[in-house]
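how would this look folded up:
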Amino acid sequence: MMKNARFAAPLLAAALLAGCSDGDVAEVRQWMAQTQKQTRVSVQPLSEPKTFIPFTYVHTDVVDPFSQDKLLVELARSGGANRPDQERPKEPLEYFPLDTVRMVGAIRKGGVNYALLQIERSVYQVKVGQRIGQNYGVVTSVSENAVDIRETVQDATGDWIERMTKLELLEGKENN
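Numbering: from 1, shown residues only. Here you go, the predicted structure:
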C-alpha cells in the first residue's frame, strides 16, 4: 500500500499543476479579439411610422359602429318576420320530433281533411293550421297521401327561416 502511495502523490501533484496552466485559452482569446476588431456592425435604420389620421363620424345617415343603437338594430333585424312566437303555450304534438311521427291514414269529417298521425302507440287527428313538431311546425295542407308542414328554424347566422317538410302516408310507401 505504501508503494502505491509513493506513486500516487507525484501523479496527483502533476494533475493539479496541469489544471493551473493556461492551455489553449490564450489563443482563443486572441482570435476573439481579432475577430471583434474586424467585424463591422451594420444595422439598417427603422422606417418612419405612418401618420395616423383620425376619422370623425358625422351624424348623418351613418350609424356609429360603436353605438349600442347599432347592436339593437341588428338584434331586431335578426328576428325578422319569420320569428316564431316563443311565449305562446305549446300544443301537445309540438313536444314530439317529426322523425317519430308516422302518417297512417286520412279521413274527411264535415268537409275538412284530417291526417291520422301515429306517435308511439297513439293516433292523433291533425288538420290544416295545427302545430306539430319541435321546430315551430304548422300543418299547411292535408291530402290522402301526405301532410305538408312549414317549420321555422334558426340558421347559422341566427336568422329565422322557413323550411317545408312532408310526412307521407306509411301504407302508400309499402304498396309501391
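
Neighbours of residue 37, how many?
8 (other Cβ atoms under 10 Å). All C-beta spots, glycine's among them, are computed from the backbone N, C-alpha and C.

Then the one 3 residues further on?
Neighbour count for residue 40, taken as other Cβ under 10 Å: 5.

got a pLDDT number for it?
Predicted confidence (pLDDT) for residue 40: 83.

so it is in which element?
Counting by DSSP states H and E, no helix or strand carries residue 40.

cool, and the one 4 residues further on?
Counting by DSSP H and E, residue 44 is held by no secondary-structure element, helix or strand.

burial count for it?
5.

if I look at it, how far off is residue 36?
Separation of residue 44 from residue 36 (Cβ to Cβ, to the nearest Å): 21 Å.

Point to the residue nearest the middle of this structure.
residue 156 (9.5 Å; Cα atoms, centre = their mean).

residues touching that residue, list them.
If a contact means Cβ atoms under 8 Å, 6 or more residues apart in numbering, then residue 156 has no contacts.

what about the chain, any weak spots by pLDDT?
Within the chain, the stretches with pLDDT under 70 are 1-7, 14-23, 57-60, 62-65, 70-81, 171-176.

And residue 125, how far from residue 33?
102 Å.

more neighbours, these two?
residue 125 (15 against 10).

Quick check: the closest residue to residue 84 other than its chain neighbours vs residue 125, distance?
Among residues not flanking residue 84 along the chain, residue 136 sits closest, at 4.0 Å (Cβ to Cβ, 6 or more residues apart in numbering). Per Cβ to Cβ, residue 136 is found 21 Å from residue 125.

Check residue 165 too.
For residue 165, the distance to residue 125 - Cβ to Cβ - is 19 Å.

Burial check on residue 137, number of neighbours?
Applying other Cβ under 10 Å, I find that residue 137 has 24 neighbouring residues.

Correct me if wrong: it contacts residue 131.
Yes: using Cβ atoms under 8 Å, residue 137 is in contact with residue 131, at 6.5 Å.

shared neighbours of those two, anything?
residue 94.

send the alpha carbons of stretch 133-148 over as CSV?
Extracted as CSV, the C-alpha positions of stretch 133-148 are listed here (Å, rounded to 0.1, in the frame of the first residue of the first chain):
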residue,chain,number,x,y,z
GLY,A,133,-93.0,19.1,-34.2
GLN,A,134,-90.3,20.8,-32.1
ASN,A,135,-89.3,23.3,-34.8
TYR,A,136,-92.4,25.5,-34.6
GLY,A,137,-94.1,23.5,-37.4
VAL,A,138,-97.6,24.4,-38.8
VAL,A,139,-99.6,22.0,-41.0
THR,A,140,-100.2,23.8,-44.3
SER,A,141,-102.1,21.1,-46.2
VAL,A,142,-103.5,17.6,-45.7
SER,A,143,-104.1,15.2,-48.6
GLU,A,144,-104.9,11.5,-48.8
ASN,A,145,-101.2,10.7,-49.2
ALA,A,146,-99.2,13.4,-47.3
VAL,A,147,-99.2,16.2,-44.8
ASP,A,148,-97.2,19.3,-45.6
